[in-house]
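[1] Take this sequence and fold it.
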Amino acid sequence: MSQQTIDAAVKLLVAARRTGDWLEALPPEAKPADLAEAHAIQDATAAALGDTIAGWKVALPQGQVTRGIILGSCLLESPATKQASQVPLLGIEGEIGFRFDRALPSRDQEYGREEVMAAVTALVGIEVVASRFRNYPDVPVLDRTADCMSNGVYVVGTVRPDWRDHALADLEVTLAINGETVVRKRGEHPTGDPLLPAVALVNELRKSTGVKAGQVITTGTCTGMPFAKPGDHVTVTFTDFGTAEIDLPA
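    Alright, predicted model coming up:
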């Protein structure tokens, strides 16, 4: 892992967040060579911004734990408002997330599914996907990972302490923009089990920071990623489970 690479990438990503100016790409001297370096760039970016780590988004491509920091300044409560100009990509994802009600600290022993299940409360969330890169679809995956996996904001909606009584993998979800249904699906979680990515990330983080009480994990989109426009109002509803909503004023 190259500290020079990390420092070069952090300088560019922090400037892009502070100014709102697009990056065309990370130059060769700032490109992460692997997933560990992309994660290190995230961590250093949060530190350079002076922001807190409110949680993570997580994916499991080919079984590999890939995480993106959700900054404290990017975690909102529903009903939320965010200027569209601050998250201009406006990719919208309806998700099931988890809030940690107690810490799961670093340790040598793996955390089991039941142990993680006992520590969390499920919630409905909306991720607004944003990017510091102008041509988001053409940016290499590791570069997007270094950019906190393109998180713009995460909106925490209904929190369900009784979530264990629900089949999370089989919930029907509706994503509506300005009251019109854009997506309606059932059982479309990318891993088939929303708790699976949470357990995987906990066991990745047990090797370093662990997870603190109050932090959140969001586990992947159940709605695909349709796009909103400036001025839109977005609502995500998991039937008989809960909702989250956000206004995106122009």
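[2] what helix or strand does the spatially most central residue of the chain sit in?
    For the chain, K57 is the residue whose C-alpha lies nearest the centre (Cα atoms, centre = their mean; 3.1 Å). Remark: K57 resides in strand 53-59, with elements defined by DSSP states H and E.
[3] could you say what helices and strands that strand packs with?
    strand 66-71, strand 151-160, helix 195-205, strand 216-221 (3 or more Cβ pairs under 8 Å, 6 or more residues apart in numbering; DSSP states H and E). Just so you know, the C-beta spots here come from the backbone N, C-alpha and C atoms, and that holds for glycine as well.
[4] which residues does the residue nearest to the centre of the chain form a beta bridge with?
    In this entry, K57 is beta-bridged to G68, T218, by DSSP bridges.
[5] any idea how far it lies from R134?
    22 Å (Cβ to Cβ, to the nearest Å).
[6] buried residues in stretch 79-97?
    80, 82, 84, 87, 89-97 (16 or more other Cβ atoms under 10 Å).
[7] In strands, which of these appear?
    Among the buried residues of stretch 79-97, the residues falling in strands (DSSP state E) are 80, 91-97.
[8] hmm, back to that, shouldn't the residue nearest to the centre of the chain be in contact with T66?
    No: judged on Cβ atoms under 8 Å, K57 makes no contact with T66 at a distance of 9.0 Å.
[9] Quick check: neighbours shared by these two?
    Common neighbours of K57 and T66 are listed as M149 (criterion: Cβ atoms under 8 Å, 6 or more residues apart in numbering).
[10] and the strand holding K57 with strand 151-160, angle?
    Strand 53-59 and strand 151-160 meet at an angle of 90 degrees, taking axes from the mean of the first three to the mean of the last three Cα atoms, to 10 degrees as the criterion.
[11] contacting residues around strand 53-59?
    Strand 53-59 is contacted by residues 46, 65-72, 74-75, 97, 127, 149, 151, 154, 190, 197-198, 200-201, 215-220 when judged by Cβ under 8 Å, 6+ apart.
[12] If we use 6 Å, what do you get?
    When contacts are defined by Cβ atoms under 6 Å, 6 or more residues apart in numbering, strand 53-59 is touched by residues 46, 66-70, 72, 75, 149, 151, 197, 201, 215-218, 220.
[13] And the strands in this protein?
    Going by DSSP E, the chain shows strands at 53-59, 66-71, 75-77, 80-81, 91-100, 120-129, 151-160, 172-177, 180-186, 216-221, 232-238, 242-248.
[14] Give me the buried positions along the third one.
    The neighbour-count criterion (16+ other Cβ under 10 Å) identifies 75-76 as the buried residues of strand 75-77.
[15] Name the strands paired with that strand and say parallel or antiparallel.
    For strand 75-77, using DSSP bridges, the partner strands are strand 151-160 (parallel).
[16] The strand it pairs with: which residues count as buried?
    151-158, 160.
[17] Just flag the most distant two among those residues.
    Greatest spatial distance in the buried residues of strand 151-160: G152 and R160, 24.4 Å, computed using Cβ to Cβ.
[18] what about V14, how many neighbours?
    Neighbourhood size, V14 [other Cβ atoms under 10 Å]: 18.
[19] What separation do you get for the residue nearest to it when sequence neighbours are not counted and P88?
    Leaving aside its sequence neighbours, V14 sits nearest to A48 (Cβ to Cβ, 6 or more residues apart in numbering; 4.9 Å). According to Cβ to Cβ, A48 and P88 sit 22 Å apart.
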